[in-house]
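Peer 1: My questions are about this predicted structure, shown below with the sequence.
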Amino acid sequence: MKALVLDKPGTPETLYPSDVEKPQPKAGEVRVKVHAVGLNPYDYKLAASGFPGWRYPVILGLDVAGVVDAVGKDVEDWQVGDPVYFFGDVSRPAGGFSQYAVITAKTLAWLPDGLTHTEAAALPCAGFTAYQALHRKLRVQAGKTILIIGGAGGVGGFAVQLAKLAGLRTIATCSRHNTKFVQDLGANNVIDYSVENVEKRVSDITKERGVDYIIDTVGPESATEALKMLAFGGGIACIAGLPDITTLEPFKTAISVHEVALAAAYVCGDDAALEDLARIGMEFGALASKKQIRPMVEEIVTFEDIPEALVRLSMRHVRGKIVANIPQTA
């Protein structure tokens, strides 16, 4: 089969096409013929750092949509021909930048009705992360206020849409050229972080109270600064690193801090965590199927163009999602 291969840690440009042996599913696993794969910042980060236990060469690609091609022993819920999508196993060095991928059956979800493989491949990593942040971690309640830091990216864009569906008043940050994009996703207020003082604008919008929830998609420094904008008893969900809570005066704001680490479900050894990935896939997929969630596919690239697209993604100025269609030759 055709695959993009990485021989050692490096930049996305070091990925190269190769013919490799088709993977075989073991007990409890299925093989999926990949029709489309979503691109994520996690891909270029993994390319650079590797992952404990990997043996090179490896194949990246976590967001897969396709059709079940083979089933391993003891798999009863899935059959050859079933249309599926999933968030892949980061610990497995054989991902979706290929024509076939193997995954545990526990994390599979049905391809959402009415969505193409290309649209579905845009959902898993970013969409499931946003869903987990709002509904598994923060457990948001209608009528409250949320700040989404990085509203034009994959996680941020899905979070804005989910927040609107949940009945939240949504404030989102982005650069000026993405303002309309984020407004169209459902944000009530959009702050241009490049020219505006985010903390002051949040204070003005909330009449100095602060927000009930924050989703930070940027990093530890951003999350630490964001703590100042939480109302009493508020919560922050961190996608890209935890804040320094020592900057807060103890027993004054009573906030909660949540770490979101979707990929950790595969390495924690907890079957319930794996099964919840499938459950999130079904719940989030149902919203997309009803057109309540927009997949945000902003660009479709070819298999050969994946490395170059990852380079652009690493520059952190891509909005929405990039998806690659995979050639369907044998």
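Peer 2: Good, I have the coordinates. Numbering: from 1, shown residues only.
Peer 1: where are the low-confidence patches of the stretch 201-330 of the chain?
Peer 2: 330 (pLDDT under 70).
Peer 1: Would you map out the domains in the protein?
Peer 2: Domain assignment for the chain by automatic domain parsing gives 2-123+265-325, 127-260.
Peer 1: Could I get those domains in CSV, plus columns for mean neighbour count?
Peer 2: Any C-beta I mention is one placed from the backbone N, CA and C, and that applies to glycine too. Shown next, in CSV, are the domains of the chain (neighbours: other Cβ atoms under 10 Å):
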stretch, mean neighbour count
domain 2-123+265-325, 19
domain 127-260, 20
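Peer 1: Would you map the helices across the chain?
Peer 2: Residue ranges of the helices in the chain, as given by DSSP state H, are 41-49, 117-120, 129-131, 154-165, 179-185, 198-205, 220-226, 271-289, 306-314.
Peer 1: Compare those helices and report which one is nearest to Val323.
Peer 2: When those are compared by Cβ to Cβ, helix 117-120 sits nearest Val323, at 5.1 Å.
Peer 1: who touches the closest one?
Peer 2: 35-36, 65-66, 83, 85, 111-112, 285, 288, 295, 297, 300, 323, 325 (Cβ atoms under 8 Å, 6 or more residues apart in numbering).
Peer 1: The nearest residue to Thr14 once chain neighbours are set aside and Pro307, how far apart?
Peer 2: Leaving out its chain neighbours, the residue that sits closest to Thr14 by Cβ to Cβ, 6 or more residues apart in numbering is Leu6, at 6.4 Å. Leu6 sits 10 Å away from Pro307, going by Cβ to Cβ, to the nearest Å.
Peer 1: Mutual contacts of the two, please.
Peer 2: Contacts common to Leu6 and Pro307, judged by Cβ under 8 Å, 6+ apart, are Thr14, Leu15.
Peer 1: tally of neighbours for the residue nearest to Gly154 when sequence neighbours are not counted?
Peer 2: Leaving aside its chain neighbours, Gly154 sits nearest to Ala126 (3.1 Å; criterion: Cβ to Cβ, 6+ apart). Ala126 has 29 neighbours, counted by other Cβ atoms under 10 Å.
Peer 1: Surely Ala187 and Thr170 touch.
Peer 2: Yes: counting by Cβ atoms under 8 Å, Ala187 touches Thr170, with 4.8 Å between them.
Peer 1: List of residues touching stretch 5-12?
Peer 2: Against stretch 5-12 from outside (Cβ under 8 Å, 6+ apart): 14-18, 20, 43-44, 47-50, 56-60, 306-308, 310-311, 314.
Peer 1: If you could redo that for stretch 131-138, that was the one I meant.
Peer 2: 140, 146, 155, 158-159, 162-163, 166, 213, 215, 235, 237, 239, 258, 260, 262, 276, 280, 283-284.
Peer 1: can you give me the end-to-end distance of stretch 303-322?
Peer 2: Using Cα to Cα, to the nearest Å, one end of stretch 303-322 lies 12 Å from the other.
Peer 1: brain fart, stretch 300-314
Peer 2: With Cα to Cα, one end of stretch 300-314 sits 17 Å from the other.
Peer 1: now swap in stretch 313-329 and tell me
Peer 2: 28 Å.
Peer 1: try stretch 260-280
Peer 2: Between the opening and closing residues of stretch 260-280 lies a distance of 14 Å (Cα to Cα).
Peer 1: hmm, who's touching it?
Peer 2: Residues outside stretch 260-280 that contact it (Cβ under 8 Å, 6+ apart) are 42, 62, 86-87, 89-92, 104, 106-109, 125, 128-129, 131-133, 136-137, 237-239.
Peer 1: Spit out the contact partners of the residue nearest the centre of the chain.
Peer 2: Computing the C-alpha centroid of the chain and ranking residues by Cα atoms, centre = their mean puts Ala126 first, at 1.7 Å. The contact partners of Ala126, by Cβ under 8 Å, 6+ apart, come to Gly38, Asn40, Gly153, Gly154, Val155, Gly157, Phe158, Lys321.
Peer 1: switch to 6 Å and redo it
Peer 2: Counting by Cβ atoms under 6 Å, 6 or more residues apart in numbering, Ala126 makes contact with Gly154, Val155, Phe158.
Peer 1: Just list whatever residues bridge to Gly38.
Peer 2: Asp63, Val323 (DSSP bridges).
Peer 1: Let me know the pLDDT of it.
Peer 2: pLDDT recorded at Gly38 is 98.
Peer 1: That one is in contact with Val323, isn't it?
Peer 2: Yes: when contacts are counted by Cβ atoms under 6 Å, Gly38 is listed as touching Val323 (5.2 Å).
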